[in-house]
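Novice: Got a sequence here, can you build the structure:
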Amino acid sequence: MVKISVLIPVYNAKDYLDESISCILNQTFKDIELICVNDGSKDDSLDILNDFASKDSRVKVIDKENGGCGSARNRALDEASGEFVYFFDPDDIVEENAFELAYDSAVRNNSDMVIFKANIFDKNGISNKEIFFYYDKSLKESQFDNLRFDDIKQYVLKGGYAPWSKLYKKEFIDSYDDFRFDLGLAFDDVPFHVKSMVRAKKISFVNEFLYHYRVDNVNSVNSTASNGFDIFKIVDIVEDILRSENVFDQLTNEFYSFKLYHILNYIISTDSEEYYGMARERFLQTDKKYIEDIPDLSRKYDLVIKYEDFNEFKPHYGLLLSINEKNSEISKLKNEIKSLKRKNKKLKKENDKFKKENKKISNSKINKLFKRL
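Specialist: The predicted model follows:
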């Protein structure tokens, strides 16, 4: 048995495979297998994968008809023999010590899963911009090795859904017969994430940026506006998971803000009266009390409830977004001004200190001259 099975769904990724597969094979942690599932690629992806397999025995290639990312991940998971499994996207990269740090945390803490930080990169290189909510913002470092549901429940529905920021114990995954990705849906990693977060008995967190997410790949399935309709199905699946795992009552407010936020996220890009009608129906079914402490979401909720017609709603929503954008810019400027004031205050203190010290030195020199005289 290998220690880590790296599972890679591949679809038309020829432009990225050399870099991404190489960063896996060149890890400081060597006891791995790469299970690459070519999901009906129409470019040269399969040839590139086979070339890697011919040069490194750790690489295994599976060729199948196109079925979507979820089906490719499921197929790879069925073939995995590792103690732990890691889902990797073929257009991204990881730090060379990523597996070493994640595996060490998993074994040392007997974790069902390990979570680590991720940021973005593009043609200009790696950015320090974080791409989802992080645990280091509110958790103490002493908690990083011993997280349980009560510690992380406020984060379950707040982002970080992608599986590539987590290392999973295979035994944990196999202990449930439904730990698979839903087929035929965009955003299929969301239900998988929710299941893992509410089921894991122990989670550990590595407070380092180990994964770098590429933002210039226009082929991302979730970037297509038409996939917005899948949000309604995802929301229903997530609610069912929370109820079946008996945690819905603990996450009621979080669920309804998750539901409304993600439905709103595609309300303009789909540009569809049908979508708007479905969205408005979901909003009417949701009591505003669950999101009243989130001002921006509450204002958007009011607009959806107020306007039955999508064409009436659009200009008002656009104006609200514009106002929010301006308020965000103003907030950033205020923070920059505060930062400059703090720096100025610090510089003033340092300058005053320098003057005092300089005065002491000058007085000392004058006294020495008088003594000579």
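Novice: Could you pull up phi and psi at Asn207?
Specialist: Here the main-chain torsion angles of Asn207 (degrees, to the nearest 10) amount to phi -90, psi 60.
Novice: what does the one 3 residues further on give?
Specialist: Note on Leu210: its backbone torsions stand at phi -100, psi -20 [degrees, to the nearest 10].
Novice: for the stretch 1-150 of the chain, which spans come out with low pLDDT?
Specialist: Filtered on pLDDT under 70, the stretch 1-150 of the chain yields the residue ranges 128, 132-136, 138, 140-143.
Novice: One more pass at 90, please.
Specialist: Low-confidence regions of the stretch 1-150 of the chain, defined here as pLDDT under 90, cover residues 1, 119-150.
Novice: could you pull out the helices for it?
Specialist: In the stretch 1-150 of the chain, helices defined by DSSP state H, counting those that start in this stretch lie at 17-25, 45-55, 69-79, 98-109, 149-152, listed in chain order.
Novice: Pull out the buried positions in the third one.
Specialist: For helix 69-79, burial by neighbour count (16 or more other Cβ atoms under 10 Å) applies to 69-77. Placement of C-beta: from N, CA and C, glycine included.
Novice: Then the second one?
Specialist: When neighbours are counted by 16+ other Cβ under 10 Å, the buried residues of helix 45-55 are found to be 45-46, 48-49, 51-53.
Novice: what number of residues lie near Tyr266?
Specialist: Neighbour count of Tyr266, defined by other Cβ atoms under 10 Å: 20.
Novice: now Lys123
Specialist: The burial count assigned to Lys123 is 7, neighbours taken as other Cβ under 10 Å.
Novice: which non-adjacent residue is nearest Ile32?
Specialist: Once its chain neighbours are removed from consideration, Ile32 has its nearest residue in Ile4; the separation is 4.6 Å (Cβ to Cβ, 6 or more residues apart in numbering).
Novice: Please apply the same query to Val37.
Specialist: Taking Cβ to Cβ, 6+ apart, and ignoring the residues beside it in sequence, Val37 has Ala72 as its nearest neighbour in space, at 4.1 Å.
Novice: so which strand or helix has Val206?
Specialist: Counting by DSSP states H and E, the secondary-structure element that holds Val206 is strand 203-214.
Novice: Show me the shaky parts of the stretch 151-300 of the chain.
Specialist: 151-156, 158-160, 184, 207, 214-228, 268-271, 296.
Novice: Tell me how far the residue nearest to the spatial centre of the chain lies from Met197.
Specialist: Centre of the chain computed as the mean C-alpha position; nearest residue by Cα atoms, centre = their mean is Gly160, 3.0 Å away. In this structure, Gly160 and Met197 are 9 Å apart, going by Cβ to Cβ, to the nearest Å.
Novice: Glu274 now?
Specialist: 32 Å.
Novice: again with His262
Specialist: Here the criterion is Cβ to Cβ. By it, His262 lies 16 Å from Met197.
Novice: Comparing those two, which residue is more hemmed in?
Specialist: Neighbours per residue (other Cβ under 10 Å) separate His262 from Met197, with Met197 holding more: 24 against 18.
Novice: how close does the residue nearest to Glu130 when sequence neighbours are not counted get to Asn50?
Specialist: With Cβ to Cβ, 6+ apart as the measure, Asn119 is the residue that lies nearest to Glu130, at 5.7 Å, once sequence neighbours are left out. In this structure, Asn119 and Asn50 are separated by 32 Å, where distance is defined by Cβ to Cβ.
Novice: ok, the nearest residue to Ala118 once chain neighbours are set aside - contacts?
Specialist: In space, Ala118 comes closest to Tyr211 once its chain neighbours are excluded; the distance is 3.9 Å by Cβ to Cβ, 6+ apart. With contact set as Cβ atoms under 8 Å, 6 or more residues apart in numbering, Tyr211 has these partners: 92-95, 98, 116-119, 164-165.
Novice: Can you list which of those residues are found in strands?
Specialist: Among those, DSSP state E puts 93-94, 116-119 in strands.
Novice: Quick one: closest of the helices of the stretch 1-150 of the chain to Lys306.
Specialist: Nearest of the helices of the stretch 1-150 of the chain to Lys306, taken as Cβ to Cβ: helix 149-152 at 36.3 Å.
Novice: how about the strands of this protein, start to end?
Specialist: All strands of the chain, identified by DSSP E, fall at 4-10, 32-39, 59-64, 84-87, 93-94, 113-122, 125-130, 166-169, 203-214.
Novice: mind putting those in CSV, distance to Asp178 included?
Specialist: Listed next are the strands of the chain as CSV, based on distance: least, Cβ to Cβ, whole Å:
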stretch, distance to Asp178
strand 4-10, 18
strand 32-39, 20
strand 59-64, 22
strand 84-87, 16
strand 93-94, 28
strand 113-122, 16
strand 125-130, 31
strand 166-169, 15
strand 203-214, 20
